[in-house]
Each structure stands twice: as C-alpha cells, then as structure tokens.
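A.B. asks: Turn this into a model:
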Amino acid sequence: MNPARCHIRSIVEQAEPTYHDKEHQILGCQHYQVKAKVLAQCCKVWVACRFCHNDIQDHNMDRFAVEQMKCMLCLEEQPLGQQCQKCKATMARYFCKKCRLLDDGPNKQVFHCDQCGICRSGSSEEFFHCKGCDACVATEYRDSHGCREQILHANCPICGEDLNDSTQTIVQIACEHLIHESCLQQSLKYSYKCPLCSASLCNMDALFGAIERYLQMSSMPHKYRNRTSRIFCNDCRQKSAAKFHFMYHKCGQCSSFNTVVVGVSSPNQHSGHPLDSAELKLKNYRRRDELLTTAVWVNDLKSRYLEYLRDNARELPTDLEHFPGSIHEHIDFSSSAYAQNREALVAYRAREILAERMQGAAFIPSSSELKKLEASVEEEERLLQQVQQRLSEKVGQASASIEEQSQKYQQAQQAAQTNEELARSVTELEAELEALLEQVEEKEQRERDAAEQQTRELQAAHNEVIRETAQRDSAQREQQRLAEREQRLRGDEQQRRMSTADSHDQQRLVEQWLRAVAPAVGARVEGNTLIVTLGDGIGAMSNRRILARFNELGRIEHVRTDDGRTLPPQLNHDVLMRLLNEQP
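C.D. replies: Numbering: from 1, shown residues only. I've put the predicted structure just below:
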C-alpha cells in the first residue's frame, strides 16, 4: 500500500473515537473506560491508554510524560485534565496528575500510592504499603503474607507481563510466588505445579491418596522390584530414596508424589533376579562368537520361564535344608519328548538356574547340554534362513506387484490426460453455455423491463381513468348537494313567508280581541301589563299560558291582579280558553 495513504489512514483512525463497549456506545478502550485520548510523546500517536500503545508499537510508552489529551466528544486537543475545556464534559471520574491517569469506570475504585509511585486498583482503606515487599498488600494479609523484597518487581510466569504495572488481579500461591489470577486458573487446567519452582499449587491429598492405592494394587516386573530411585521432592525440597517405578515415586520426608528422579540403580548391579545372574555366568564360560546366540537364548528364556512357571511348573521350596533332592529328579532328560519339546528345555534351564541361585553353588552346564543348545541354535538358524528365503520370495512378489502397479499407474496417467482434455472441452462448452445463458438472461431481462414499463403505463392510465371518474362523481354529488340546498332554502323562504303572514294575521286578531273582548271579561291592558279581576273568575287562568299567548305580540310582559298581586301558577283552564276563543 502507498505509504502516504497508510499515513493518512493512521491519522484518520487516531481521530476516530474508540469504545470500551461499542454496543452501548461507552467510550474508551478494552483496558479503560474514558472519554479522551492521550498523546504519546515518544511517537506522537493518539491512543486511549498506554496499553493500547504498547500493543501496536515496538516500544513502551512513558505514561508520566503525557501532557496533551483529545476529547472524543468534540475532538478538541488540550492539556491533560479531568474536564474538557471546550464542551465542559467530564473525561473520567478519576484523574491522577502524578500518574497522568484517567479512568471513568463506574464501579471501579482507584487510589494513588506515593511509596509505590503509581495508582492501584481498590480502596486505600483496604490496602497498606509493605516496606519489606515494596508493594501494596491487602490489609487482611498484613500478618500472614510471605514478605519478600521487591516481590512485585517480576513478570508473570505464564503471560510474562510486568506484575508491578499490571491492571489484573494478582494472587500469591503457596510457594509465595506471584501470578495473575486468570493465568493461575488457566494453568490449573493442565498442571498442578508452580511454573517456577514446580511446587504443588493446592492441597493434593486426594490425588496422592489415589496414587497410593494404585501402587498398592499393582506390582512391578521382577527385574525392577529391588531397584531404587534417588528422588528430589518439589514440595519439601529434600532428597530421598524410593522404590523404582515407571511413573510415581513417593517422598520419604513428606509423602508427596510431586518428585523428580535424579538417579536409578545401575542395571549391571545385582538385582536379585535369578535369570540376571544366569546371564552373567553364561557370559563367563561362553566363547566370544557364542555370546550373541547366548544373549538371544537368555532373553527368550526369561519370557518363557515366566510363562511356563505361571502355567505348568511347580513352585520350588524356599527351605534349602529340606530341598527334595536334585533338580534332575523332576525332569526326565532321557525321554524323546524332552529333546523335541523346547518348553521342557526352557523349564529345565530355568529350574536349574533358580536352584543354583537358591543353593548358592557354582553352576557349569554339561557338554551334552551345550550340544543340545547348539543344536537348538542351529535349528533356529535354519528356520531363520527359511524365513529369509520366504522374505526374498515375498520381496520378489512385491517387486512384481510394484511393476504391475507401475503399469497401472502409467495407464491411469494416460487416462488422466484424456480426462484432462475432456475436462478442458467440457470447460469450454460450459463457458459457451454460460455465455448463451447470459445472453438469454439479458434478453429475458429486457423483455421483463419492457413488460414492467408497459404495466406501469397501463397502471398509470387506469389510475387516470379512476381519478377522472372520481372527479365526475364528486362533481355530480356537489351539484346534487347544491340542488338540495337550493330546494331547502326555497322551502324555508316559503315557510318563513307563510309564518310571517300568519303572525301578522294573529297579531291583528289579538289586537282586536284586546280592544273588544278583554273589558268584557274583566281584563285590561296597561302598557305591557295585563290586569285581570279575580272576582270574575279570571283568577283560575294560567299565568304562563297568558304570557305565552300575549308574548307572541311582543306587548305583554307581566300578568297581575287589579290589586297588584301576581297570579297563581294555575288558573281556570275554561276561562282561559274562553278568553282565547272569544271572537272580537
């Protein structure tokens, strides 16, 4: 890639905000939650924290040299501080001027230790500075922690990170070494030993008990039973001796199985096994050219001895004073079956060697026995020659088979070449077919586009017809509504005229009645007040009906008696009807 483009891309990436939790839009990085980036003085790169710088650069960042920061909300470059000078936003809940540290974690407590010279995670009330360790230690371990000089000035044995500057939780294991808690959890999945001193990381009584039960139920081969191993214990740091075993050695001091072998007894030393002693004695009287065949015979003798004793042989007595005669009494050497039965020979030799070991006497094979052994070796050589001959025949057959396979391979290669040519032809045909299919698809696409265009035009025309029809229907409804309104207005006008005529006629009738009839029935009109006489029976007239009747003229507002009293609510209906129906 062009270096200029890489530089521009790097500048753009530095200007973009980074997130501690992108899903919830929380600014920061994977190490800290913070709303600002800081400028590394060593390479002039904007990073969210020193760990992000160290992950992408080949050198470490000096955090104490940081002077500038950039707000990720408004991208304003400014001196390092807890609040943005432009947008007034708080960059972090915690700010340390000495360590140049910003941390906005909501549930995170941080304090600065002047003796350590850096900020620590946690509360200052929960930790104290141990001068012996030169580190901050939890107050609950004030009297029980293993005090070691500059204990934190080391690297984690698993990940190699500097423990003094680490932001992860650090624990002290039983051997007093320090390690990240997360690294310890991962290490316990594969090993129970400290990666530095190999001491046990936890209580191993359950595992060591299981190993002890396994050793009690199993046994070692005879050759290794009396051998011993010199071991070193990783738990108590002491050396001791233990019985030889292929896997497990128990410490004689603390009974731990977390041990390593530093030496084993020499195989040439006397192991106590009778067959090993027999092998050494045979080497003393055999000639040099017979040693190879003797060694083969002895190895075969060992395996067959164990097998034979397990199945057929009788156990020899351990009491030498009451040993039943010579071992020759137990096997008939003159029988023809003995010469033909190799197992009988092996059993005899094994018993003879074992008897010699038990009695402590020197043993030298007889000449007849040596002849029989030589005959046996010759027979084995003859059988070996037969095996070699058979192997030669097999090799010849294999060569012929290989030749045949080679011819088949050549034929297969020719067939493969033919298949390649056919494949190329098929590939060309497929390419032509794909070109034709593309042409057909293009044609179908054009036809579909034309059909879709025609469909859109028809739809537009259909929509236009629907719109015109709707306009005509709307105009007809509007005309019908106007006609109905005009007809209604005409009816109202006609009714109003008729009502006006009736009102005028009624007004004239009432005025005539007032002038002619009212005095005759004991009533008179003074202004807008109707005055009636109670003695004439007019007191039974309805006040409201009289008012309703005379208010149509707009003249009568009150009805009262001649002596000034208001009429009662109910009057004589007959008198009222007589007044209203009286003709002038």
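
A.B. asks: residues touching the residue nearest to H153 when sequence neighbours are not counted, list them.
C.D. replies: Counting by C-beta to C-beta, 6 or more residues apart in numbering, the nearest residue to H153 once its immediate chain neighbours are dropped is N164, at 5.6 Å. Every C-beta, even on glycine, is put in place using the N, C-alpha and C of the backbone. Residues in contact with N164, defined by C-beta atoms under 8 Å, 6 or more residues apart in numbering, are 118, 135, 152-154.

A.B. asks: go on, G146?
C.D. replies: Shown here is G146, whose contacts under the criterion C-beta under 8 Å, 6+ apart are 172, 176.

A.B. asks: do I211 as well
C.D. replies: Applying C-beta under 8 Å, 6+ apart, one finds that I211 lies in contact with 248, 257.

A.B. asks: Return the set of buried residues in the one helix or strand F51 maps to.
C.D. replies: Secondary-structure element containing F51, defined by DSSP states H and E: helix 50-56. Taking 16 or more other C-beta atoms under 10 Å as the neighbour-count basis, helix 50-56 is seen to contain the buried residues 50-53.

A.B. asks: Could you list the buried residues of the helix or strand that that helix is followed by?
C.D. replies: Past helix 50-56, heading to the C-terminal end, the next element that is a helix or strand (DSSP H and E) is strand 68-71. Within strand 68-71, the residues that qualify as buried are 68-71, counting by 16+ other C-beta under 10 Å.

A.B. asks: Switch those residues over to TSV; also include pLDDT and distance to G491.
C.D. replies: Supplementary listing: the buried residues of strand 68-71 in TSV, determined by pLDDT from 0 to 100; distance: C-beta to C-beta, whole Å:
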residue	pLDDT	distance to G491
Q68	90	90
M69	92	87
K70	91	84
C71	90	80
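
A.B. asks: Between those, which sits nearest K394?
C.D. replies: Checking the buried residues of strand 68-71 against K394 by C-beta to C-beta gives K70 as the nearest, at 80.4 Å.

A.B. asks: Tell me what that closest one is bridged to.
C.D. replies: Judged by DSSP bridges, the bridge partners of K70 are K37, E77.

A.B. asks: In contact with it, which residues?
C.D. replies: With contacts defined as C-beta under 8 Å, 6+ apart, the neighbours of K70 are 36-39, 46, 76-78.

A.B. asks: Give the buried subset of those as a PyMOL selection command.
C.D. replies: For the buried members of the contacts of K70, the matching PyMOL selection, counting by 16+ other C-beta under 10 Å, is:
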select buried, resi 36+37+38+39+46
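
A.B. asks: could you dump the contacts of K70 to TSV with distance to C175 and pLDDT?
C.D. replies: As requested, those are exported to TSV (distance: C-beta to C-beta, whole Å; pLDDT from 0 to 100):
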residue	distance to C175	pLDDT
A36	42	90
K37	42	90
V38	39	91
L39	43	91
W46	43	90
E76	52	88
E77	50	89
Q78	49	91
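
A.B. asks: that older thread, just the contacts of N164: which are in strands?
C.D. replies: For these, the ones inside strands are 118, 135, with DSSP state E as the criterion.

A.B. asks: from the contacts of N164, which would you call buried?
C.D. replies: Looking at those with 16+ other C-beta under 10 Å, the buried ones turn out to be 118, 135, 152.

A.B. asks: Next one: the closest residue to I118 other than its chain neighbours from R63, what distance?
C.D. replies: When the adjacent residues along the chain are set aside, I118 lies closest to C99, with 5.8 Å between them (C-beta to C-beta, 6+ apart). Counting by C-beta to C-beta, to the nearest Å, the separation of C99 from R63 is 7 Å.
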